[in-house]
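A.B. asks: Here you go, sequence then predicted model.
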Amino acid sequence: MLLSYLPILILVLLAAGFALATLFLSSALGPRRPSKDKLSTYECGIDPVGSARERFSVKFYLVAMLFIIFDIEIVFLYPWAVILNSLGLFGLVEMFFFLGILLIGLLYVWKKGGLEWTT
Amino acid sequence: MEWLLFVPLAALALGTAAFVILLRNPIYCALALVGTFFALSGLYLLLQAEFVAVVQVIIYAGAIMVLFLFVIMLLDVGHEPPPWLRRDRPRLLLGLGLVALLVLELAVAIGSWIAPGIRGPYTSDYVNAVGNTQLIGRLLFTEFLIPFEITSIILLIAIVGAMVLARRQ
């Protein structure tokens, strides 16, 4: 069973190795001629505006929380989809019940304007 | 063969977990925690719990880390020195005491009958024969149907709670 995960291990090792090798090589081979502009924070070419360490809006928290909740929902869908054939109609109904309750939550957030970014 | 994978994964889990506590910038701590989650996922694979391993990455390394990062940014923490530089003697003693207690507990648990576990009906041969995800699905949607449906209500409460908290200002 573990053998089927060998490609993933190879991919992870290659990706980590490439990232580390690139960092090491650029610091070992690259010339260092610092100037004021080069050392400043890169913000898409514009002069940096203030510090990045500031408080973020609470809206991000709501987005993250909703992401977790619907992520968990998807995780439940996966084992359900795998055995749906043997569960039959009963399985269909119980999953729609589950999804229905979460749909109420989604509609609640929608109605309350939780999905609006500008308000 | 298993040791060859277990030892690096366990070392990675412990090492990244140490970074979570020791690094000063909470964003770096969160990134180190992602490393811990991936190492744990590998350990779950070694235990032949494939579904749990994948869920570990999707939920913990994915969703929960996003929430942690947003909360760190929301609270704007990270300007104060870490606890072990604050020379806070009562807290240091409390921490050391708790560590000693934990080590003692672990020693007792490993020394007694608890650690080898009790053999249940679902041996790894049986699980592999049926299929890991299939077995979880079958149990979840028949035997543990009520807990599964209650999960949806808990998630609904979480949605409402997050909404109320975020919109209160």
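C.D. replies: Sure thing, it's come through. Residues are numbered from 1 along each chain as shown, chains lettered A, B, ... in the order given.

A.B. asks: Count residues in the vicinity of B:Gly137, would you?
C.D. replies: 23 (other Cβ atoms under 10 Å in any protein chain shown). Placement of C-beta: from N, CA and C, glycine included.

A.B. asks: ah, wrong one, I meant B:Leu69
C.D. replies: Neighbour tally, B:Leu69, other Cβ under 10 Å: 18.

A.B. asks: Could you export the strand or helix carrying B:Leu165 as PDB, CA atoms only?
C.D. replies: Element membership for B:Leu165 (DSSP states H and E) is helix B:145-166. Only the C-alpha atoms of helix B:145-166 are listed here, as PDB (Å, rounded to 0.1, in the frame of the first residue of the first chain):
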ATOM      1  CA  LEU B 145     -25.400   8.100  11.100                       C
ATOM      2  CA  ILE B 146     -26.700  10.200  14.000                       C
ATOM      3  CA  PRO B 147     -23.300  11.600  15.000                       C
ATOM      4  CA  PHE B 148     -22.800  12.400  11.300                       C
ATOM      5  CA  GLU B 149     -26.000  14.300  11.000                       C
ATOM      6  CA  ILE B 150     -25.300  16.100  14.300                       C
ATOM      7  CA  THR B 151     -22.100  17.300  12.800                       C
ATOM      8  CA  SER B 152     -24.100  19.300  10.300                       C
ATOM      9  CA  ILE B 153     -25.900  21.100  13.100                       C
ATOM     10  CA  ILE B 154     -22.500  21.800  14.900                       C
ATOM     11  CA  LEU B 155     -21.200  23.300  11.600                       C
ATOM     12  CA  LEU B 156     -24.400  25.300  11.300                       C
ATOM     13  CA  ILE B 157     -23.800  26.700  14.800                       C
ATOM     14  CA  ALA B 158     -20.200  27.500  13.800                       C
ATOM     15  CA  ILE B 159     -21.500  29.400  10.800                       C
ATOM     16  CA  VAL B 160     -23.900  31.500  12.900                       C
ATOM     17  CA  GLY B 161     -21.300  32.000  15.600                       C
ATOM     18  CA  ALA B 162     -18.700  33.300  13.200                       C
ATOM     19  CA  MET B 163     -21.200  35.500  11.500                       C
ATOM     20  CA  VAL B 164     -22.400  37.000  14.800                       C
ATOM     21  CA  LEU B 165     -18.800  37.600  16.000                       C
ATOM     22  CA  ALA B 166     -17.500  39.100  12.800                       C
END
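
A.B. asks: Which neighbouring elements make contact with it?
C.D. replies: helix A:59-82, helix A:84-111 (3 or more Cβ pairs under 8 Å, 6 or more residues apart in numbering or on different chains; DSSP states H and E).

A.B. asks: Tell me which of the ones you listed sits most buried.
C.D. replies: helix A:59-82 (a mean of 18; mean count of other Cβ atoms under 10 Å in any protein chain shown).

A.B. asks: Contacts only, for the closest residue to chain B within chain A.
C.D. replies: In chain A, the residue that lies nearest chain B is A:Pro79 (3.2 Å; Cβ to the nearest Cβ). Counting by Cβ atoms under 8 Å, 6 or more residues apart in numbering or on different chains, A:Pro79 touches B:51, B:133-134, B:136-137, B:140-141.
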